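Enquirer: Give me the fold of what follows.
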Amino acid sequence: MSTITRRIQKNLIHQAWPIFIASLAGVSFGVLDTMMLGNFNAQSLQVISLAASIYITVTVSLMGVIHALIPMFSQLFGANQKTEIGILWGQGIWLAFIISLIVGLALLFPDIWLSISGNIAENVKEEIKTYLRITFFAMPATLMFRAVYALCTSTSRPKLIMYINVASIFIKAFFNWVLIFGHLGLPALGSVGAGLSTLIVSWFTLLFGLWLIFSDTYYHQFSLKLGLPQWKYCKDILKLGIPMGGSYFVEISAFTFMALLAAREGVHVSGAQQIQMNLVALLYMLPQSIGVATAALSAQAIGRQNYIQSHFISLQGLWLGLLGAILTILVIYFGKPYIVSLYTNDPQVAIMAASLLSIVPLFHLLDYFQCDITYILRAHKVATIPFITQAVLLIGLGLGGGYYFGYGAGKGELAWLGDILTPGAAVGVSSLWIMCCAALLLCGFILSIWYYIIIQPHLKKSKIGAAALQ
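Expert: Numbers count the residues shown, from 1 in each chain. I've put the predicted structure just below:
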């Protein structure tokens, strides 16, 4: 292994591990909700499965818009345009606040989402509505914090985000304990308590993050300023952010609609699906962290007009992602019974969850590749093609095909494959996961070809220029 390779891998790991810890801390909120409500009662587990799926769909989609700041900041940082970063950061804060209030209204009309789930008990519906009304007020803080996240990540200072998110875990766990189960003299609120704790921790995270970056002298070089909203900058963010947010929406909504469809097969299947989704989201944090780190360092090289280095960073990021995927697959394969026991004490939910977890190793391997190649394309400010590809395949083939074979005219036609990949699982939810695997396989293949098309002219030009200087 060459010195350059070792240095790049070291830089990637140095950048990726704090992002990974921060991401684990962030997704742990959902893990805490699922585990605590799973041990509260089966109804509350179904409520959080449906309500959190809707909340996460809207929130994560809008996060994708604000995450357009990561490649924008990174390229500016590589080009040493630091004052421009400070201006763009303030505009990102404004944009996050505005879209959280406008698009966030989707949380206040849950009946549209729940119509997909068939007949749901009225008391469950009311709990879902209450949870979403509460979390509507958490969304502005959650999105504005992503501008802080983008700044720290793209300027190679991700540890700050790690500290904030780790601190938030303890606050979330404490308020969950108090509000879900009814301690310290308060009533047991179940899923409503989980929503309230999310609201509290979201605003804590934002305020703590703002205090840290304004008190850290490192960030003074960017002259961070809020200013007034300026359409010129917001338009630039949206130009890249809308297709990025679209990609996030496609990825997360596929899982949301899977949860809504799984509810048709009963409370135990719905609970098992929530456990599966929660675990997959947890596993996704590793390839995502490596992808974010790879995109940031690659975009910095692009800002310096060094495409050869950018390409090499991208390749090393893919290799590191593959290694991480293999390690996590081994953990899931050997630890499945223990993992299920952590999530639920309901024997019927546990049996169904164990069946679904059989497909996780295959799903995770395919998900890692399409995730990392998507982030590499974003480093080049290419977001529309990934969005279109993911929309067609994940929604059309994955979700559409899963519905056809699981709940539609082709119901049961994939049962033979389900017996291999998800033995013992319900036909509908099994078909959804199988078709999502097929969609991810094609998605990764197409996006890797697109990256080759984009990078080859730059590499060829760089090599010709290097040869001319010799």
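Enquirer: what comes up buried for stretch 360-369?
Expert: Of the residues in stretch 360-369, 360, 361, 362, 363, 364, 365, 366, 367, 368, 369 count as buried by neighbour count, 16 or more other Cβ atoms under 10 Å. For glycine as for every other residue, the C-beta is placed from the backbone atoms N, C-alpha and C.
Enquirer: Just flag the most distant two among those residues.
Expert: Greatest spacing in the buried residues of stretch 360-369, by Cβ to Cβ: 360 and 369 (15.4 Å).
Enquirer: on that earlier part again, quick check, nearest of the buried residues of stretch 360-369 to residue 439?
Expert: Of all the buried residues of stretch 360-369, residue 366 has the smallest distance to residue 439: 8.8 Å, by Cβ to Cβ.
Enquirer: tally of neighbours for the nearest residue to that closest one once chain neighbours are set aside?
Expert: Counting by Cβ to Cβ, 6 or more residues apart in numbering, residue 366 lies nearest to residue 440, which is 3.9 Å off, once chain neighbours are set aside. Around residue 440 sit 27 other residues, with neighbours defined as other Cβ atoms under 10 Å.
Enquirer: So which of the buried residues of stretch 360-369 sit within helices?
Expert: For the buried residues of stretch 360-369, membership in helices holds for 360, 361, 362, 363, 364, 365, 366, 367, 368, 369, with DSSP state H as the criterion.
Enquirer: Pipe these into TSV and attach pLDDT and distance to residue 327 per row.
Expert: Supplementary listing: those in TSV, determined by pLDDT from 0 to 100; distance: Cβ to Cβ, whole Å:
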residue	pLDDT	distance to residue 327
360	88	14
361	89	12
362	91	16
363	91	16
364	90	11
365	92	12
366	93	16
367	91	15
368	91	11
369	93	15
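Enquirer: Pass me the low-pLDDT residue ranges in the chain, would you?
Expert: With pLDDT under 70 as the threshold, the chain has low-confidence stretches at 1-2, 41-42, 113, 115-119, 121, 462-470.
Enquirer: biggest helix in it by residues?
Expert: Looking only at the chain and at elements set by DSSP H, the helix with the highest residue count is helix 427-469.
Enquirer: So what's the gap between it and the chain middle?
Expert: 20 Å (Cα atoms, centre = their mean, to the nearest Å).
Enquirer: Counting by contacts, list what it packs against.
Expert: Packed against helix 427-469 by the contact rule (3 or more Cβ pairs under 8 Å, 6 or more residues apart in numbering; DSSP states H and E) you find helix 231-262, helix 267-303, helix 307-343, helix 347-356, helix 360-379, helix 384-390, helix 401-406, helix 415-421.
Enquirer: between the buried residues of stretch 360-369, which is nearest residue 380?
Expert: Closest to residue 380, out of all of these and judged by Cβ to Cβ, is residue 369, at 17.6 Å.
Enquirer: Skip the chain neighbours and tell me the closest residue to that closest one.
Expert: In space, residue 369 is closest to residue 444, 4.2 Å off (Cβ to Cβ, 6+ apart).
Enquirer: burial of the one you found, as a residue count?
Expert: Here the neighbour count serves as a burial measure; for residue 444 (other Cβ under 10 Å) it reads 22.
Enquirer: Ok, residue 400 next?
Expert: Residue 400: 17 neighbours (other Cβ under 10 Å).
Enquirer: Tell me how far the residue lying closest to residue 105 once chain neighbours are set aside lies from residue 108.
Expert: Setting aside the residues directly before and after it, residue 105 is nearest to residue 136 in space (Cβ to Cβ, 6+ apart), at 7.8 Å. Summarising the geometry, the distance separating residue 136 from residue 108, computed by Cβ to Cβ, to the nearest Å, is 6 Å.
Enquirer: which of these two has more neighbours?
Expert: Neighbours per residue, other Cβ under 10 Å: of residue 136 and residue 108, the larger number sits with residue 136, 20 against 10.
Enquirer: Count the residues that sit near the closest residue to residue 359 other than its chain neighbours.
Expert: Closest residue to residue 359 in three dimensions, ignoring its sequence neighbours and counting by Cβ to Cβ, 6+ apart: residue 421, at 4.6 Å. Residue 421 is flanked by 20 other residues according to other Cβ under 10 Å.
Enquirer: Verify the contact between residue 421 and residue 360 for me.
Expert: No. With contact defined as Cβ atoms under 8 Å, residue 421 does not reach residue 360; the gap is 10.0 Å.
Enquirer: hang on, the earlier thing: now the residue nearest to residue 105. Its backbone dihedrals?
Expert: Residue 136 adopts backbone torsions of phi -60, psi -40, taken as degrees, to the nearest 10.
Enquirer: Quick one: residues contacting it.
Expert: Residues in contact with residue 136, defined by Cβ atoms under 8 Å, 6 or more residues apart in numbering, are 104, 105, 107, 108.
Enquirer: now for the helix or strand hosting residue 160, which elements pack on it?
Expert: Following DSSP states H and E, one finds residue 160 within helix 159-181. Helix 159-181 sits against helix 3-38, helix 139-154, helix 191-215, with contacts defined as 3+ Cβ pairs under 8 Å, 6+ apart.
Enquirer: out of those helices, deepest packed?
Expert: For the helices and strands packed on helix 159-181, average neighbour numbers computed from mean count of other Cβ atoms under 10 Å are highest in helix 139-154, which has a mean of 26.
Enquirer: Find the nearest non-adjacent residue to residue 367, please.
Expert: Computed as Cβ to Cβ, 6+ apart, the closest residue to residue 367 that is not its neighbour in sequence is residue 440, at 5.6 Å.
Enquirer: so what's that neighbour up against?
Expert: Taking Cβ under 8 Å, 6+ apart as the criterion, residue 440 is in contact with 363, 366, 367, 369, 370, 393, 394, 398.
Enquirer: want to throw the ones in helices among the buried residues of stretch 360-369 into TSV with distance to residue 167?
Expert: Listed next are these as TSV, based on distance: Cβ to Cβ, whole Å:
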residue	distance to residue 167
360	30
361	33
362	36
363	32
364	28
365	33
366	34
367	29
368	29
369	33
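Enquirer: Distance check, residue 386 against residue 51.
Expert: Here residue 386 is placed at a distance of 29 Å from residue 51 (Cβ to Cβ).
Enquirer: Please say which of the two ends up with more neighbours.
Expert: More neighbours sit around residue 51 than around the other of residue 386 and residue 51, counting by other Cβ under 10 Å; the figures are 30 against 26.
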